[in-house]
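Asks: dropping a prediction and its sequence here:
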Amino acid sequence: MPESGVRLARTSDVDGIADVNVRSWRQRFSVTLPEEVLDAMDPSDLAMVWASGILNPPTTGHRLLVAVEGSDVVGYAAIGPSQDPDAEPGAGELLALEVDPGLQRRGHGSRLLSAAVEHARAGGLETLLVWCPLDDEPRRGFLQSAGWAPDSAYRDLAVGLEENGDDRLVREVRLIVAID
């Protein structure tokens, strides 16, 4: 098996990040998001978005990490300052954590999560939060096994329209962990 690790993302990684993004979302959100949304995901467009994020991060506190197996990108994690209106000073957010569906259960997610926490801690953050779809029990279980816990906050995101014209909503719960 090729050597595995986690490092800061480079612009040369964006195609691999975009491919993982598309594959993981199509698998993970196949029931949650409308099919047309998942079908419209274009790796080329996403690669440009990821490149922009690497070259021009929204703040100096944003980081994009990649999990690699040999020279292949097999996952990614993004962190940044929390934008939640009720966030305490020193709170950051795990903005993304995805591992290629065909390469899960090899430790990539745990390595990415650990590296994200270390980068957040080095950046002076004291807590991290993440929004997780309520029906994504595997993700919630993974995060809770790593010490994250729900804090009773939730939000409903509109992800399309129902056949009757009403918003199609996804409920997310917020998990939080102290990292100081």
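Replies: Structure received. Residues are numbered from 1 along each chain as shown.
Asks: residues contacting residue 179?
Replies: Going by CB atoms under 8 Å, 6 or more residues apart in numbering, residue 179 touches 117, 120, 121, 125, 126, 127, 128. For every residue, glycine as well, the C-beta is placed using N, CA and C.
Asks: got those as CSV, with neighbour count, distance to residue 29 and pLDDT columns?
Replies: Below are these laid out as CSV (neighbours: other CB atoms under 10 Å; distance: CB to CB, whole Å; pLDDT from 0 to 100):
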residue, neighbour count, distance to residue 29, pLDDT
117, 20, 25, 97
120, 26, 25, 96
121, 14, 30, 96
125, 22, 28, 96
126, 14, 31, 96
127, 19, 27, 97
128, 22, 22, 97
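Asks: how about the residues you listed in a markdown table, adding distance to residue 175 and secondary structure?
Replies: As requested, the contacts of residue 179 are arranged in a markdown table below (distance: CB to CB, whole Å; DSSP: H, G, I helix; E, B strand; the rest coil):
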| residue | distance to residue 175 | secondary structure |
| --- | --- | --- |
| 117 | 13 | helix |
| 120 | 14 | helix |
| 121 | 17 | helix |
| 125 | 15 | coil |
| 126 | 16 | coil |
| 127 | 11 | strand |
| 128 | 9 | strand |
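Asks: mind checking which helix or strand of this structure has the lowest mean pLDDT?
Replies: helix 35-39 (a mean of 83; mean pLDDT, DSSP states H and E).
Asks: in contact with the residue at minimal distance from the centre of the chain, which residues?
Replies: Residue closest to the mean C-alpha point of the chain, counted by CA atoms, centre = their mean, is residue 96 at 1.2 Å. With contacts defined as CB under 8 Å, 6+ apart, residue 96 is in contact with 76, 77, 78.
Asks: for residue 108, give its distance to residue 4.
Replies: Per CB to CB, to the nearest Å, residue 108 is found 7 Å from residue 4.
Asks: residue ranges in this protein under the pLDDT threshold?
Replies: Along the chain, the parts satisfying pLDDT under 70 run over 1-2.
Asks: so which helix or strand takes in residue 113?
Replies: Using DSSP states H and E, residue 113 maps to helix 108-122.
Asks: in that helix, what's buried?
Replies: 108, 109, 110, 111, 112, 113, 115, 116, 117, 119, 120 (16 or more other CB atoms under 10 Å).
Asks: what's the closest of those residues to residue 175?
Replies: Nearest to residue 175, judged by CB to CB, of those is residue 113 at 11.7 Å.
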